[in-house]
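*Asks:* coords please:
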Amino acid sequence: MRRRVCAAGNCQWFYARPDARLRPGIGAYRGFRSTAGTPQERLVVPTGRVSLLIGFGSEMRLGRTGRGAAGAAAAHTSVVSGLHTRARVLGHQGDLHGVELTLAPWAAYRLLGASLGELADTVTDPADVLGDRVRDLGAALEAAPGWRERFALLDEALLRWTAGAAPSREPSPAVLEAWRLLDRTAGSLPIGELAARTGWSLRHLENRFREQVGLTPKRLARVLRLNRAIRLLATGAGAAGVAADCGFYDQAHLSREFTAMTGLPPGRFLAARSGTSAWLAG
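*Replies:* Here you go, the predicted model:
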């Protein structure tokens with residue numbers, strides 16, 4: 001387990017790897033605690049992963065960014081967030097405490113027992129998907145004396161839930177391979193070639209992919225290209241080169257995609273993100 005403290009000293013993160021039997025479908029556990037005392041906001045960028053956040057009492061609000069985002073954000077203590085293609089703004093009143101884990105879509109399909117297409121572009125109370133067992137887990141996590149004990153409880157619960165998953169919840173091998181190809185190539189593989197490698201028609205792949213991953217292959221590819229562009233730009237790489245490397249037509253196309261998916265052009269996005277970390281991975 002490792003611990004990180006923000007520069008202001010009023011927020012902490014605790015990280016641990018899940019049990020080997022849960023990997024690679026479930027990413028690193030991330031415990032968090034903010035005691036800022038004043039309202040905070042973070043931009044939550046889509047990542048191509050499902051997020052399960054279990055909060056310990058404090059409320060958070062998640063709302064859309066950009067055009068058409070009017071209206072009050074819904075309040076939640078815990079959330080499960082399906083795949084999405086638009087960034088969200090996470091706000092809280094300055095005290096937020098809980099744990100988050102990210103799941104590859106195929107692992108979420110197995111674990112959650114729901115069509116990921118129904119969870120796409122939504123934020124849902126985990127109890128609506130997982131029932132009382134997630135409430136019981138949340139209470140046990142909050143009562144645990146420390147993060148080592150919390151992470152051990154997560155291992156125990158997730159191994160039990162995975163073992164109890166119905167055989168019908170196993171993702172199709174073709175969908176799993178298509179997801180791996182897109183993930184490995186950061187969304188740069190042409191969708192027609194992707195379908196050809198599965199042996200399915202594009203329409204059939206889209207339908208099964210939407211059910212078991214949450215987005216169509218084309219929409220997921222957009223998310224993966226954006227994430228790779230963010231990583232490269234954050235290293236100081238030039239926008240024109242990043243656009244070419246990530247499969248955008250040109251720098252203007254990169255800027256349009258950034259604005260459409262995050263609400264900000266690349267330069268403003270990186271400036272706003274500098275020195276901060278989103279509480280949610282997306």
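*Asks:* name the helices or strands packed onto the helix or strand residue 267 falls within?
*Replies:* Per DSSP states H and E: residue 267 is located in helix 266-273. Here helix 266-273 touches strand 40-44, helix 217-234, helix 251-262, going by 3 or more CB pairs under 8 Å, 6 or more residues apart in numbering; DSSP states H and E. All C-beta spots, glycine's among them, are computed from the backbone N, C-alpha and C.
*Asks:* can you give me the offset of the longest strand anywhere in the chain from its chain's centre?
*Replies:* Ordering each strand of the chain by length in residues (DSSP state E) puts strand 95-103 first. Here the centre of strand 95-103 is set off from its chain's centre by 12 Å, with CA atoms, centre = their mean, to the nearest Å.
*Asks:* How about stretch 27-45?
*Replies:* On CA atoms, centre = their mean, the centre of stretch 27-45 falls 14 Å from that of its chain.
*Asks:* in it, what's buried?
*Replies:* When burial is assessed from 16 or more other CB atoms under 10 Å, stretch 27-45 yields the following buried residues: 27, 29, 30, 31, 32, 33, 34, 40, 42, 43, 44, 45.
*Asks:* So of those, which two are at opposite extremes in space?
*Replies:* Pairwise distances across the buried residues of stretch 27-45 (CB to CB) peak at 23.5 Å, for the pair 27 and 40.
*Asks:* on that earlier part again, pick the most buried one from the helices and strands packed on helix 266-273.
*Replies:* helix 217-234 (a mean of 20; mean count of other CB atoms under 10 Å).
*Asks:* Which strands or helices does that one pack on?
*Replies:* Looks like helix 217-234 contacts helix 173-184, helix 191-198, helix 202-212, helix 239-245, helix 251-262, helix 266-273 (3+ CB pairs under 8 Å, 6+ apart).
*Asks:* Please name whichever of these is nearest to residue 97.
*Replies:* helix 266-273 (23.1 Å).
*Asks:* Only alpha carbons, please: show that closest one as PDB.
*Replies:* C-alpha atoms of helix 266-273 as PDB (Å, rounded to 0.1, in the frame of the first residue of the first chain):
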ATOM      1  CA  PRO A 266      -6.400  21.300 -25.100                       C
ATOM      2  CA  GLY A 267      -4.500  24.300 -23.700                       C
ATOM      3  CA  ARG A 268      -7.300  25.300 -21.300                       C
ATOM      4  CA  PHE A 269      -7.900  21.700 -20.200                       C
ATOM      5  CA  LEU A 270      -4.200  21.200 -19.300                       C
ATOM      6  CA  ALA A 271      -4.000  24.500 -17.500                       C
ATOM      7  CA  ALA A 272      -7.100  23.700 -15.500                       C
ATOM      8  CA  ARG A 273      -5.900  20.200 -14.700                       C
END
